[in-house]
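# This is a predicted model, with the sequence first.
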Amino acid sequence: MSKLTWVVAAVARALAWLLPAERRGWAEAAWAEAHAVPPGLTRLAWRAGGMWVLAREALRPGRLGRAALFAAAAAAAAWAAWPQPTADHVAEGRFNAVATVLLVVALLPLLSWRFFGPTSPSRFARSLRVLCGAAILALVPAFVILLQSNRLVPTRPAYYLVWCISQGWSDTQGCGGVPGRSSGGPTWEAEILIMVLITGYVGLTLFLTSRRARITRSTLAIGVGTGWLFGVVMLAVDPLGFDQSATNPWLPGSDVDPLVVLAWLLLFGGPAAAAVLAGRRVRGPDGAWLPHNHRIRQGVAAGVLANGTAAMFTTTLGTGLTLLTVRSPWALNVVTHGRPMTALATYRYTLNTGQHAGGYLLMLMFFPVIGLMMSYLAAVIASPVPRLPEIRSSGPGLSTTYGE
């Protein structure tokens, strides 16, 4: 009985901690009244009833259906990313699958509600949260499956030579790997990097769409709209992985150069333009200009959201297209324009295509940083600190100037 009472008390304290600040005192008072109830099953029933009331307060019934649907999608993503016993780094892969579900579905949303408050009343903000979570749940299994497929050691000798060359070996001597097994997956270092990126993207989205951030709907729309435009251009340049050269098979050679130039312009100019536009669109209730620090905050939020959205958009769709090309003969035939290819050439092409997907992580890492720097610079220039008016006072032997 004591263990069960301790478990009920721990769950109740966790639920009370998740409640808003104005309701937390009520929960503590209701829980303290349990000592006035006779010990035993009666007190346990009292506490269980209080825990049910707290659960209904912390988890509103209107959100239970959406939460259950999202939990089902997260379970499917974890099942897809769960590594097979024939792959190496099984423990790291299983950590990735479980931690992604816990971060996206349970931990980060609850912490966001506790520290950032409820979601912004804008329907656009709620939709942005759903899109971010769905993109993460789609990206992680696709990336893990693609990485394990690239590391699968072939059994045929000719394929094995191609695979060794792709790993940086000139021949099969010392290449290693057990035929039929995956030579590796994400290491602990890579898993930690992936978790940091997921935490950063989901946490930033939850903050920007919360009431505490005070980001307006127009700022969110400007940032996401700029990001989608940049993402479409970037996906047109690199739809099959991110590499030094464009990977678009439908725009060979110099045909893709105009899109490359446009992508560079949007990488640096997109967040700057979004910052300036967001700062000019924000107004007070009476239509007056807000203080410069508020306009700067709106501009920086729009710029970071623009490049972050573009990186997530390109990475999610690009990884999915790459995985489809590697796994589907029909998609491979479309990508190669129906060109006849031998089995060995097909294997080499799919292997090289799959290895380019790892470059998308660079986009996830550096695009938001570039957006932060460019948007802050543009916002400061567009919304400078107002100068104090000069007031001169003079008297017999006295001359003072203020505001300089």
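Received the coordinates, thanks.
# low pLDDT regions in the stretch 251-400 of the chain?
Residues of the stretch 251-400 of the chain meeting the criterion pLDDT under 70: 283-290, 384-400.
# Mind jotting down where the strands sit in it?
Secondary structure of the stretch 251-400 of the chain (DSSP state E, counting those that start in this stretch): strands at 391-395, 398-402.
# Show me how the chain divides into domains.
Following automatic domain parsing, one finds the domains of the chain at 1-58, 62-382.
# Which secondary structure state is assigned to residue 213?
Following DSSP: H, G, I helix; E, B strand; the rest coil, residue 213 is assigned to coil.
# Look up the pLDDT of the closest residue to it other than its chain neighbours for me, please.
Spatial nearest neighbour of residue 213, excluding adjacent residues (C-beta to C-beta, 6 or more residues apart in numbering): residue 207 at 5.4 Å. (Glycine included, C-beta is placed from N, CA and C.) Looking at residue 207, its pLDDT stands at 90.
# from what I can see residue 207 touches residue 116, true?
Yes - with contact defined as C-beta atoms under 8 Å, residue 207 reaches residue 116; the gap is 5.5 Å.
# what's the overlap in contacts for those two?
Contact with both residue 207 and residue 116 is made by residues residue 213, according to C-beta atoms under 8 Å, 6 or more residues apart in numbering.
# Give me the below-cutoff pLDDT ranges for the stretch 1-150 of the chain.
The model of the stretch 1-150 of the chain has pLDDT under 70 over residues 1-71, 73-106.
# Just give me the neighbour total for the nearest residue to residue 280 once chain neighbours are set aside.
Spatial nearest neighbour of residue 280, chain neighbours left out: residue 382 (7.4 Å); criterion: C-beta to C-beta, 6+ apart. When neighbours are defined as other C-beta atoms under 10 Å, residue 382 has 18 of them.
# give me every residue that touches residue 382.
Neighbour list for residue 382: 275, 276, 279, 280, 295, 299 [criterion: C-beta under 8 Å, 6+ apart].
# Please pick the buried ones from these.
Neighbour-count burial (16 or more other C-beta atoms under 10 Å) applied to the contacts of residue 382 gives 275, 276, 279, 295, 299.
# any chance of these in TSV, with distance to residue 238 too?
As requested, those are exported to TSV (distance: C-beta to C-beta, whole Å):
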residue	distance to residue 238
275	25
276	28
279	31
295	34
299	28
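# before we move on, back to that, I'd like to know which of the contacts of residue 382 is nearest to residue 214.
The closest of these to residue 214 turns out to be residue 295 (C-beta to C-beta; 12.2 Å).
# Verify the contact between that closest one and residue 276 for me.
No - at 9.6 Å, residue 295 and residue 276 do not qualify as touching, with contact defined as C-beta under 8 Å.
# which SS state does residue 199 fall under?
What three-state DSSP gives for residue 199 is helix.
# Show me which of the contacts of residue 382 is closest to residue 353.
residue 275 (36.0 Å).
# burial count for residue 292?
Residue 292 has 16 neighbours, counted by other C-beta under 10 Å.
# how close does it get to residue 218?
For residue 292, the distance to residue 218 equals 18 Å [C-beta to C-beta, to the nearest Å].
# what's the answer for residue 232, then?
Using C-beta to C-beta, residue 232 is found at 21 Å from residue 218.
# Give the other helices and strands that the top helix by length along the chain contacts.
Across the chain, the longest stretch assigned as helix under DSSP state H is helix 292-327. If you count contacts as 3 or more C-beta pairs under 8 Å, 6 or more residues apart in numbering; DSSP states H and E, helix 292-327 packs onto helix 123-150, helix 188-208, helix 217-237, helix 257-281, helix 329-335, helix 343-355, helix 360-382.
# For residue 163, which of the ones you listed is the nearest?
helix 343-355 (6.8 Å).
# what comes up buried for the closest one?
347, 348, 349, 350, 351, 352, 353, 354, 355.
# try stretch 115-123
So for stretch 115-123, counting by 16+ other C-beta under 10 Å, buried means 116, 119, 120, 122.
# swap in stretch 124-142?
125, 128-129, 131-142.
# got a list of contacts for stretch 221-237?
Here stretch 221-237 makes contact (C-beta under 8 Å, 6+ apart) with 124, 128, 246-248, 251, 256, 259-260, 262-263, 266-267, 270-271, 273-274, 277-278, 281, 301-314, 317-318, 363.
# just stretch 266-283 next, same as before
216, 218-219, 222-223, 226-227, 229-230, 233-234, 289-290, 294-296, 298-307, 310, 367, 370-372, 374-379, 382-383.
# How about that stretch, which residues are buried there?
Neighbour-count burial for stretch 266-283 [16+ other C-beta under 10 Å]: 266-267, 270-279, 281-282.
# if we can go back for a sec, tell me what angle the longest helix of the chain forms with helix 257-281.
If you take axes from the mean of the first three to the mean of the last three C-alpha atoms, to 10 degrees, helix 292-327 sits at 150 degrees to helix 257-281.
# list the buried ones in helix 292-327?
For helix 292-327, the neighbour count (16+ other C-beta under 10 Å) marks 292, 294-326 as buried.
# and the angle for that helix with helix 188-208?
Counting by the same axes, to 10 degrees, helix 292-327 lies at 130 degrees to helix 188-208.
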